[in-house]
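J.: following is a predicted model, sequence given first.
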Amino acid sequence: MLIIFVSMELLDGKIVSQAVKEDLTLKIMELQKSGNRIPHLAAILIGENGASETYIASKIKNCAEVGIKSSIVRFEENSSESTVIEAITKMNNDDDIDGILVQFPLPQQIDEQKIINLINPAKDVDGFHPINTGKLIQGIPTFIPATPYGIMLMLEHYNINTSGKHAVVIGRSNIVGRPMSILLSQNSPYGNCTVTVCHSRTINLKEICLQADIIVAALGQPGFLTGDMIKENAIVIDVGINKVKDEQKKSGFSIRGDVAFDEAAAKCSYITPVPGGVGLMTIAALLKNTYNAYLQRKQF
Ligand code: GUN
């Protein structure tokens, strides 16, 4: 009988996000010491989506931890598009605001793309504006959407050699899959991968995943990526944050990723846990984008 021991290492979002936040805390303390204004993130939350409430609360808490000022404007679920447009226009023109974040999803009467297009690209810390997406595609420095940016920071922290590797990204959203595929393929440190983007219409997904040196699972289906889809020693990045029923838990639910963790961990060389992986990095990356927005605006 042949027994193969794979030594798996955790890509620990707690450690890496803490390092990013400590660095930011020091930088912001320096700003304060020299009598400068501090960076300010302004958030807009519309309606009563439980997940959005949790995300926004966490973003605000993390801003406070590093010394970034934050503010939140809330609107009722049935608010009109013009009300939200008015609020964003005000934020665009407010010199004290460096970053604007409109939490998605939006109620159906509000056009997401219209809202994205309206945010001043210089304050677009989500990196969703078409101008910033265009810059990202052309390799021009810009705001990178927080989840892919957080994953790149993680690869950098653990000094993962990505050059020439086959990366499979499952998911093609503008928020995660698409920008992730661009970053992994670009000619830069922690890029230079050969990238395959898979999605709901992909045929032979299992065969494609089995060829991957790096898999990014960003499709939003709990436990989707199973051990039989993963090559020995692959690197597995789990973007999923799925709420699943769990009678063992007091709350009645637990958070699961898109990866069947135990099966994947037995095969791969590196893996991100859920929780404690990519989610924490998303917030750290948003804080970095807000600080960078501040620095760039300060020059003018
Ligand atoms: N909803 C889910 N992810 C995100 C994100 O990264 N930014 C915003 N604004 N909304 C989201």
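T.: Structure received.

J.: going forward, measure contacts and count neighbours with C-alpha atoms only.
T.: Fine.

J.: so which residues on the chain come close to the ligand?
T.: Within the chain, the positions near the ligand by CA under 6 Å from any ligand atom are 101-105, 126, 146.

J.: just these: which are in strands?
T.: 101-102 (DSSP state E).

J.: of the residues of the chain next to the ligand, buried ones?
T.: 101-103, 126, 146 (16 or more other CA atoms under 10 Å).

J.: farthest-apart pair in the residues of the chain next to the ligand, please.
T.: P105 and A146 (15.8 Å; CA to CA).

J.: taking the stretch 151-300 of the chain, what residue is nearest to the ligand?
T.: I175 (6.2 Å; CA to the nearest ligand atom).

J.: any stretches of the stretch 101-250 of the chain with poor pLDDT?
T.: Within the stretch 101-250 of the chain, no range satisfies pLDDT under 70.

J.: quick one, helices of it?
T.: If DSSP state H, counting those that start in this stretch is used as the criterion, the helices of the stretch 101-250 of the chain fall at 112-118, 130-138, 146-157, 177-185, 205-210.

J.: nearest to A266, out of those helices?
T.: helix 205-210 (14.8 Å).

J.: from the contact counts, what lies against the closest one?
T.: Applying 3 or more CA pairs under 8 Å, 6 or more residues apart in numbering; DSSP states H and E, we find helix 205-210 packed against no helix or strand.

J.: give me the contacts around that helix.
T.: With contact meaning CA atoms under 8 Å, 6 or more residues apart in numbering, helix 205-210 is reached by 168, 198, 215, 229-231.

J.: show me which pair in the residues you listed is furthest apart.
T.: So, the contacts of helix 205-210 by CA to CA: farthest apart are C198 and K231, at 16.6 Å.

J.: from what I see, R256 and G240 are in contact.
T.: Yes: between R256 and G240 there is a contact at 7.0 Å, judged by CA atoms under 8 Å.

J.: give me the nearest residue to G252, chain neighbours excluded.
T.: Once flanking residues are discounted, G252 sits nearest to D246: 5.1 Å by CA to CA, 6 or more residues apart in numbering.

J.: and that neighbour, what does it touch?
T.: Counting by CA under 8 Å, 6+ apart, D246 has contacts 252-254.

J.: that one and K61, how far apart?
T.: In this view, D246 and K61 are 27 Å apart by CA to CA, to the nearest Å.

J.: swap in G220?
T.: 25 Å.

J.: name the residue in those two with the higher neighbour count.
T.: Neighbours were counted for G220 and for K61 using other CA atoms under 10 Å; G220 has more, 18 against 14.
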